[in-house]
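Trainee: sharing a sequence plus its predicted fold:
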Amino acid sequence: MKKSSAVPRTSARERLLAAADELFYEGGINTVGIERVIERAGVAKASLYDCFGSKEELIRAYLQSRHEARKLRITARLATYDTPRERLLGVFDAMEELMASGNFRGCAFNRAASESKAGGSIQTTCDEARGWMRELFTGLARDAGAGDPEALARQLVLLYDGAAVSGQLELGSAAAATARAIAAHMLDAAAPKTGKPVPA
């Protein structure tokens, strides 16, 4: 019997999420209507409500998916560095790589948060993503020997956000490289004044 060589068809949920990822990230969560998502996904309208129940839940799932992907991408990149200092600065290396890919349109979470209502599930998902980034920087700053890792993390998140906006406007990776250089100076300045260098 001849074996079938057909590629397994992806589920309606997977196709809807893939379409949402492309369209919401490119055009914004309010500008893009569900009809465009359904058309791009190639599914029936009922499939969207069967899988997600509402546009808001589709947006929340899209953001959650991007959050998980960002965590995996950054974590994998940081695992390639040998020292705490390199790992902290490596967050900006990961950002530079993403910006250089050619389809960077800024931070999906900051953009979605600016378009969503306060207290809703979309805002909560964006807050969780930002909270993870703040916790990541706090841990990295602590490992790198910063005297006040929480304060440095707040500054680094601000720097990261600013670089994301610049990258969105300038359509290049230079902002991430500049942010990395600034982060290095911030890390040096945040070291305890003991005469000892920040751990290499």
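Mentor: That came through fine.
Trainee: for the residue nearest the centre of the chain, pull up the helix or strand it's in.
Mentor: In the chain, the centroid-proximal residue (Cα atoms, centre = their mean) is R70; its distance is 4.6 Å. According to DSSP states H and E, R70 maps onto helix 55-78.
Trainee: count of neighbours near the residue nearest to E96 when sequence neighbours are not counted?
Mentor: What sits nearest to E96 in space, not counting adjacent residues and going by Cβ to Cβ, 6 or more residues apart in numbering, is A176, at 3.6 Å. The way it works is simple: take the backbone N, C-alpha and C, and place the C-beta from them, glycine included. Residues lying near A176 (other Cβ atoms under 10 Å) number 24.
Trainee: so who does A176 touch?
Mentor: F92, D93, M95, E96, L98, M99, A163, G167 (Cβ atoms under 8 Å, 6 or more residues apart in numbering).
Trainee: spell out the secondary structure type for the first one.
Mentor: Secondary structure for F92, judged by DSSP: H, G, I helix; E, B strand; the rest coil, is helix.
Trainee: thought it was touching A184?
Mentor: No: the criterion here is Cβ atoms under 8 Å, and F92 misses it with A184 at 9.1 Å.
Trainee: more neighbours: which of these two?
Mentor: For the pair F92 and A184, the greater number of neighbours falls to F92 (23 against 15), based on other Cβ under 10 Å.
Trainee: any figure for the gap between that one and T125?
Mentor: F92 is 24 Å from T125, where distance means Cβ to Cβ, to the nearest Å.
Trainee: thinking again about what came up before, among the contacts of A176, find the lowest-pLDDT one for me.
Mentor: Among those, G167 has the lowest pLDDT, at 87.
Trainee: what helices or strands is the helix or strand containing that one leaning on?
Mentor: Here G167 sits within helix 149-170, counting by DSSP H and E. Using 3 or more Cβ pairs under 8 Å, 6 or more residues apart in numbering; DSSP states H and E, the elements in contact with helix 149-170 are helix 84-99, helix 108-115, helix 121-143, helix 174-189.
Trainee: so which of those helices is the most surrounded?
Mentor: Most buried of these, by mean neighbour count (mean count of other Cβ atoms under 10 Å): helix 84-99, with a mean of 20.
Trainee: so what secondary structure elements neighbour that one?
Mentor: On a contact count with 3+ Cβ pairs under 8 Å, 6+ apart, helix 84-99 meets helix 55-78, helix 121-143, helix 149-170, helix 174-189.
Trainee: much appreciated, bye for now.
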